[in-house]
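Asker: Would you be able to build a 3D model of this:
(one chain, ligands or ions: 1)
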Amino acid sequence: MPIPIPNPTRLRHVAVIGAGAGGLAAARELRREGHTVVVFERENNIGGTWVYDPRTESDPLGPDPTRNIVHGSLYASLRTNLPREVMGYRDYPFVASTRPGRDPRRYPGHKEVMEYLNDYATEFGLGELVRFETEVLEVGIVENGKWKVKYGKNGKVDDEVYDAVVVCNGHYTEPRIADIPGIDSWPGKQIHSHNYRVPDPYRNQVVIMIGSAASAVDISRDVSTVAKEVHIASRSYNNGASKLPGHNNIWLHPMIESVREEGSVTFQDGSEVRASIILHCTGYKYHFPFLKTNNIVTVDDNRVGPLYKHIFPPTLAPWLSFVGLPWKVVPFPLFEYQSKWIAGALSGKFSLPSPEEMMKDVENFYSSMETAGIPKRYTHNLASCQYEYNDWVAAECKSAPSEEWRKEMYVSASKSKIVRPETYRDEWDDEHLIMQAHEDFNKNFKVAKNLIKG
Ligand SMILES: Cc1cc2nc3c(=O)[nH]c(=O)nc-3n(C[C@H](O)[C@H](O)[C@H](O)COP(=O)(O)OP(=O)(O)OC[C@H]3O[C@@H](n4cnc5c(N)ncnc54)[C@H](O)[C@@H]3O)c2cc1C
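Answerer: The predicted structure is shown next:
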């Protein structure tokens, strides 16, 4: 039977920026919809964040705009903070591989995620769409509503015109650092977790760590294996200094009040420590140095906007879109939903509201945040509503909502992390959900295979 040819006027030539987990999902969905796709990737491999890079940047804190940029933020010991069943793409299960050298653990090391992304790319023939070692330098609108993508490769700069651009450049490369009174005269070293790889440089040191998110928890344990003392300063601890149960050399403190030139660090409860290193585990900034939209899209206090549902700038939709901005979420399934919606919006299969309606929706969202006293920098934090968001996007692109087992497993994994913070990667009590996940994977995997063959 001949393959039906889709309406050619609805097929677009699309540039995707980045070949991480987001860019790969975008490339797959765009091509499935019939668009032609070029993926621009600065590095020489697939996987983005999940490609471990032992190099660090010349400015360990990050504010120097002329520093050498290293994309990755992985540390050598990193294991996923989500079970693989929850973490994987919906229609390409992240199941343990029996191949030699693979890591079958439920919370595998970082290399296993990179291998999985390479398997995904191979399975769906995505590698052939990627132009490696090709950095996007500038993306701007040209007069006929198309987009000029200027890129550099091997020292040569060139440009090409596309109907649409999907931005998937990741948001864990540009460090955010804490403001510390007195820091200019403090004599110690400072580093951001973006530049943390291994504990050795911290041997016998007294280290202050700022932050309490997943990487702060991991890095504090890593550093404590060689450091003399580790002091964690965090907004989450308000009860004065205390030793972390089960650890001889890790203390918890409230935030830093100030630091002084003789090397002391004073916390908000009045306790004081003399330290030699401050490690900022304080998160990252959205950064799109290549994007030239005449200020239609801006980043203000880490709010990328205006964006309809964290994806489309209302007046440029669907020709410019962003995959993967939401954080504190399980990213891979979110990438799939967002990408499906973008691909269908570009082909005309799904219609978006008018620019005015989208803008109104964005304004309502911003004012609801303001009324609730939520700062701008939390605009893309979907921690409390990621599955509502996913299911809403799923409905827009006529896809099945998130699986019930995935939602339950996410809740169960989050609880487990609180109950057994040191061992949650190796102990759990949701075996029944793992069985449900595998039943579902078998079903979905067949669907995926049929799609490839079809
Ligand atoms: C330390 C750490 C631990 C994490 N742990 C987990 C976890 O356990 N589980 C989980 O699900 N998620 C985790 N994440 C989140 C992780 O970022 C996502 O899983 C996912 O990899 C993000 O994919 P992405 O495609 O959005 O971005 P990235 O993976 O960052 O990919 C972006 C790509 O864009 C390329 N690029 C950037 N700028 C340009 C340019 N100008 N031109 C061309 N190419 C460009 C980059 O080289 C890169 O390949 C973690 C993140 C970090 C930093």
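
Asker: my read: L126 touches L30, true?
Answerer: No: at 10.4 Å, L126 and L30 do not qualify as touching, with contact defined as C-beta atoms under 8 Å. Heads up, the C-betas are built off the backbone N, CA and C, glycines and all.

Asker: Comparing these two, which residue is more hemmed in?
Answerer: Neighbours per residue, other C-beta atoms under 10 Å: of L126 and L30, the larger number sits with L30, 27 against 24.

Asker: List the contacts of that one.
Answerer: V14, V16, V37, V166, S339, I342, A343, L346 (C-beta atoms under 8 Å, 6 or more residues apart in numbering).

Asker: Swap in 7 Å and give it another go.
Answerer: By C-beta atoms under 7 Å, 6 or more residues apart in numbering, the contact list for L30 reads V14, V37, A343.

Asker: what does D300 give?
Answerer: Applying C-beta under 7 Å, 6+ apart, the residues near D300 are K376.

Asker: Residue numbers of the chain in contact with the ligand?
Answerer: Residues of the chain lying near the ligand by C-beta under 6 Å from any ligand atom: 17-23, 40-43, 48-50, 71, 73-74, 80-82, 87, 135-136, 168-170, 172, 215, 290, 324, 330-331.

Asker: mind checking how far N144 is from the ligand?
Answerer: Look at N144 and the ligand: by C-beta to the nearest ligand atom, to the nearest Å, they are 24 Å apart.

Asker: Please, which helix or strand holds that residue?
Answerer: Using DSSP states H and E, no element contains N144; it sits outside every helix and strand.

Asker: Which pLDDT value goes with it?
Answerer: Looking at N144, its pLDDT reads 83.

Asker: and what of P65?
Answerer: 88.

Asker: and if you look at K449?
Answerer: For K449, the predicted pLDDT is 53.

Asker: hey, which helix or strand in the chain has the poorest pLDDT?
Answerer: helix 431-453 (a mean of 76; mean pLDDT, DSSP states H and E).

Asker: list the contacts for the closest residue to the ligand within the stretch 101-250 of the chain?
Answerer: Relative to the ligand, the nearest point of the stretch 101-250 of the chain is G170 (2.2 Å; C-beta to the nearest ligand atom). Each residue near G170 by C-beta under 7 Å, 6+ apart is listed here: G18, G20, G48, T49.

Asker: Could you count how many residues lie near the first one?
Answerer: Pointing back at G18 there. 26.

Asker: same check, this time on the second one
Answerer: Counted with other C-beta under 10 Å, the burial measure for G20 works out to 26 neighbours.

Asker: hang on, it packs against H171?
Answerer: No: with contacts counted by C-beta atoms under 7 Å, G20 stays clear of H171, the gap being 10.4 Å.

Asker: which residues of the stretch 51-200 of the chain fall in strands?
Answerer: Assigned by DSSP state E, counting those that start in this stretch, the stretch 51-200 of the chain shows strands spanning 130-131, 135-141, 147-153, 156-162, 164-167, 174-175, 189-192.
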